[in-house]
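3D, please:
(3 chains)
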Amino acid sequence: MSQYVLNTWYPLTWSRNVGRDLSAHRVVERDVVLFRSQDGKVVAMEDACPHRLLPLSMGRLKGDSIECGYHGVVFDCSGKCTHIPGQEMIPANATVQTFPTHENMGLVWIWMGEPALADVSKVFDLPQYHDPAWRAVEGDAQVYRTNYLSLCDNLCDPAHVSFVHQTTLGNSAGNNVPIQHEQQERKIVTWRYINDAPPIPLFAKYGNFSGNVDRWQQYHYYAPSITIVDAGCAPTGTGAEKGNRENCMQLYGCHFMTPVDEETTIDHWLYVRNFVANPDLDATLSADFRVAFDEDRVVLEGIATNEKRFTHLKTIKIAIDAGPRRMRRMVDGLIEKESVR
Amino acid sequence: MSQYVLNTWYPLTWSRNVGRDLSAHRVVERDVVLFRSQDGKVVAMEDACPHRLLPLSMGRLKGDSIECGYHGVVFDCSGKCTHIPGQEMIPANATVQTFPTHENMGLVWIWMGEPALADVSKVFDLPQYHDPAWRAVEGDAQVYRTNYLSLCDNLCDPAHVSFVHQTTLGNSAGNNVPIQHEQQERKIVTWRYINDAPPIPLFAKYGNFSGNVDRWQQYHYYAPSITIVDAGCAPTGTGAEKGNRENCMQLYGCHFMTPVDEETTIDHWLYVRNFVANPDLDATLSADFRVAFDEDRVVLEGIATNEKRFTHLKTIKIAIDAGPRRMRRMVDGLIEKESVR
Amino acid sequence: MSQYVLNTWYPLTWSRNVGRDLSAHRVVERDVVLFRSQDGKVVAMEDACPHRLLPLSMGRLKGDSIECGYHGVVFDCSGKCTHIPGQEMIPANATVQTFPTHENMGLVWIWMGEPALADVSKVFDLPQYHDPAWRAVEGDAQVYRTNYLSLCDNLCDPAHVSFVHQTTLGNSAGNNVPIQHEQQERKIVTWRYINDAPPIPLFAKYGNFSGNVDRWQQYHYYAPSITIVDAGCAPTGTGAEKGNRENCMQLYGCHFMTPVDEETTIDHWLYVRNFVANPDLDATLSADFRVAFDEDRVVLEGIATNEKRFTHLKTIKIAIDAGPRRMRRMVDGLIEKESVR
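Residues are numbered from 1 along each chain as shown, chains lettered A, B, ... in the order given. All right, here's what the predicted structure looks like:
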């Protein structure tokens, strides 16, 4: 039984990273070589020549085929071997596995499961990303030395913000506000509203608030490895909690996580904001996010170390765990369902 | 069965390192967070929040409590959870283990065994450390990439000095002088007198000797991880071996070893000398010790590497092994005794 | 059963590296200390004192004996213990294993198997190395982070040159020329002739060719870890393939591989050339080889990584594998033969 959900679209790398050369990537403990074909499609193949296992990414791109860097064996973009130097006969098993891909929201998405189930209409999309009334800004591919589920815990958990991000994304007004949660099919939403409170440092810096605001954090987790954080604030008493978003300042923090292996996760993050006037904000806001996400990284890597050391310590459960626990049960359920197919 | 003696006071860190902030330490493969309480006591707690295992040392000190850096769960200095943000109920098992501590000779000592047995009157003491006729100088916390018992072998073994420390602590006059040893309760003494011989380089440098001296090395090992090296020299023929210490130059090298894990030991060393006139000697003498102890480090780390590689080589026993062998039997006996309690 | 052939002469290090000091080496997962005795012979002993396992290479050379750096135990160059400080009695088992050595072609060769079988007349030799009509130039001891058999695959395989060394040792004229092979006792020869083709970059650079040449690559593999690459070119149509070497430009690339452990190989390479006029060529030609051999290193280390990751991938066999496959069967046969002795 795999430790990973396989029948899903995983974010793999930024679209802009894939061109007319070969690049090596890794997801769910499998190595993949990518290139862009002559007609612009992203081709993904297992990154090993079946002859001596040299990574194909160390070979040469010839048209839409890869020539292995060791003995010149050639595979076309369907994974079929088309040429072996020094011989006419090509063995029937001289093939390389390929993987379905799709591009959306500036990312290449890959399907590591049953190819027949790969439905590009299921690739994740946030409509605002494409809406000219909003502004999308690409962040980084941040590496976490931790299991992706530990980062998913964090991204089903608005409560940590008050303690991990005191100078960036949170402040003490939220410390004791309970977390709500709701489970949907393959999705978990966790949230809280903090009304009539000072804006968080990041919004205080970019907004023009004279006093308190009504603010919210709403984490939309899509199993197994995507979270969209809807965060914003509105003038106090204007009914944000009831749904009125007029005059609000709002931002979707998008976390597209690549589970590389048991101990490594890459978070491809970007954000989409509704305060679009000043493009100069792009860089400074990204810099602020970098500070905040690095705070998460330090915490999660500290936990990863202790999880190896304190294997016999019985842990406790608290109220804010409801979301993360549902998340883990959901992922376990998806993996189990795949194993009995 | 533990690989370590637990019912004992282990040296953990210099007292001066512990203040009103959180610091992380490790002993007998357990992680401990330390801080000094508002009334000046050293508090030691297991370095993991029982919620998600974040090291508590990555949290914040609030009064005499630690607030976890992930979700703000608070533990007081008795290890009891006193606050969980966002909820009223505190689970009964929301506790963190604490450890008895005591301070003496500039060090924090910790008790990792049964708390009921922790008797502070048993913390190691060298009376001369507190005596104004002597001068105590703190050295370093030197890290050895080796098991602490390998360093204890070395510190029950005056014979190695002639070969490992030829330019610092030994010279060839002692090469063939046999080693005496004596076993007491939880203690092993190994020694030799080298009479009518040139002083060792270190004493020759700081003493004012015109010719030969009567000199001694006496290693007092206290199980499981302390050695006091009594080294000195006196004018030839004045009866040092019979106990007369008049006009002698004498020094207690103190080694307070922290067994971090199977492959790491920290030696907190300091020395206490009876030639107190010149405080300028402090730094130069420490520098000389650093050279000598680094000679030990290189040897012991070379052995640690070979112990993994030459697992099938049958080793030989020689006369000078009597002390180290008794030391190892003593430690084994203490561990076994604890396991049957 | 050992993973290595033992009854063979392995290249260990350059002769010029062994003098009147102690040096540490490793071959077939065994550690060896070397020194040159007073009468100029290379002495090889197991690199561990049988007392506490300190590497003897960390001790001191005294005449033709080694004094251990920890307690001064002395072993003569036959491995016999001759002195233990502080005692008269020397235990009967106080010995260190020694290994037969021999020097040839600028290298120290060592015999790790049954000493009685060590026949120095079997140490590898290339007569041209000693012939004044040829010029021998020592290269490097290049470290490969790969098993030596993977490097042997490469050195039983002229076909890789066209793809791995396109700017140095190969060009596309050879891409599809099939490989011949022949098995002899403890030897495999693989080769091809590429007639009426442009010279390879390396020969084009140093030769004075106006047009095409007849060229050859002939790899002489001697089990378990030596390959001599005979490479050269002659004026087109002068019968090189039939054996006429007049007016040819020829070079023996010698690869003397030390299997350090399962994941590390040192290739001691040198070359012997028949174009001797210009000694200035020595350095530039070595520099060119360094570029080429680094191309091999990158490929073989890429394979080593993937061999751990793609353990379940079924690999394919192609025509050029005939030589490498015979090589591996030959080595397996030698190991098996030794195990049943």
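
near chain C, which residues of the stretch 1-150 of chain A?
A:29, A:31, A:46-48, A:50-55, A:58, A:67-73, A:84-87, A:91, A:93-94 (Cβ under 8 Å from any Cβ of the partner chain). (Each C-beta comes from the backbone N, C-alpha and C, glycine too.)

can you list contacts of the helix or strand hosting A:I335?
Element membership of A:I335, judged by DSSP states H and E, is helix A:322-339. Helix A:322-339 has contacts (Cβ atoms under 8 Å, 6 or more residues apart in numbering or on different chains) with A:1-8, A:113, A:149, A:152-153, A:156-157, A:179, A:181, A:183, A:186, A:188, A:190, A:219, A:221, A:223-224, A:317.

buried subset of those?
Among those, those classed as buried by 16 or more other Cβ atoms under 10 Å in any protein chain shown are A:4-8, A:113, A:149, A:152-153, A:156-157, A:179, A:181, A:183, A:186, A:188, A:190, A:219, A:221, A:223-224.

so which of the residues you listed are in strands?
Among the buried ones among the contacts of helix A:322-339, the members falling in strands (DSSP state E) are A:H181, A:Q183, A:I188, A:T190, A:Y219, A:Y221.

show me the contacts for the nearest residue to the fifth one once chain neighbours are set aside.
The shortest distance from A:Y219 to any residue other than its chain neighbours is 4.8 Å, reached at A:T190 (Cβ to Cβ, 6 or more residues apart in numbering or on different chains). Taking Cβ under 8 Å, 6+ apart, we find A:T190 in contact with A:C156, A:D157, A:P158, A:I179, A:Q180, A:H181, A:Q218, A:Y219, A:Y221, A:A322, A:G323.

and what of A:F310?
Counting by Cβ under 8 Å, 6+ apart, A:F310 makes contact with B:D31, B:A48, B:L53.

measure it to B:R290 for me?
Counting by Cβ to Cβ, to the nearest Å, the gap from A:F310 to B:R290 is 35 Å.

could you do A:P324 as well?
Distance, A:P324 to B:R290, using Cβ to Cβ: 49 Å.

compare those two (neighbour count), which wins?
Shown here are A:P324 and B:R290; by other Cβ atoms under 10 Å in any protein chain shown, A:P324 has more neighbours (23 against 15).

quick one, grab the pLDDT at the nearest residue to the more buried one once chain neighbours are set aside.
Once flanking residues are discounted, A:P324 sits nearest to A:D153: 4.2 Å by Cβ to Cβ, 6+ apart. pLDDT recorded at A:D153 is 98.

surely A:D153 and B:R52 touch.
Yes - assessed by Cβ atoms under 8 Å, A:D153 is found in contact with B:R52 at 7.5 Å.

tell me the domain boundaries of chain A?
By the assignment in automatic domain parsing, chain A contains the domains A:9-121, A:127-339.

would you list the ones you listed in a markdown table and tack on distance to B:K205?
Below are these laid out as a markdown table (distance: least, Cβ to Cβ, whole Å):
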| stretch | distance to B:K205 |
| --- | --- |
| domain A:9-121 | 59 |
| domain A:127-339 | 45 |
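
comparing the ones you listed, which gets the lowest mean pLDDT score?
domain A:127-339 (a mean of 94).

now that domain, how far from the centre of its chain.
The chain centre lies 12 Å from the centre of domain A:127-339; the measure is Cα atoms, centre = their mean, to the nearest Å.

now do the same end-to-end measure for it.
Length of domain A:127-339, first residue to last, Cα to Cα, to the nearest Å: 33 Å.

so after the longest strand anywhere in chain A, what's the next helix or strand?
Taking DSSP E as the criterion, chain A has its longest strand at strand A:249-261. Moving toward the C-terminus from strand A:249-261, the next helix or strand (DSSP H and E) is strand A:264-273.

buried only: go through the residues of the stretch 1-150 of chain A next to chain C for me.
In terms of neighbour count (16+ other Cβ under 10 Å), the buried residues within the residues of the stretch 1-150 of chain A next to chain C are A:31, A:46-48, A:50-55, A:58, A:67-73, A:84-86, A:94.

narrow these to those in strands?
A:D31, A:E46, A:E67.

what is the last one paired to in the beta sheet?
What it means is A:E67. Beta-bridge partners recorded for A:E67 (DSSP bridges): A:R60, A:V74.
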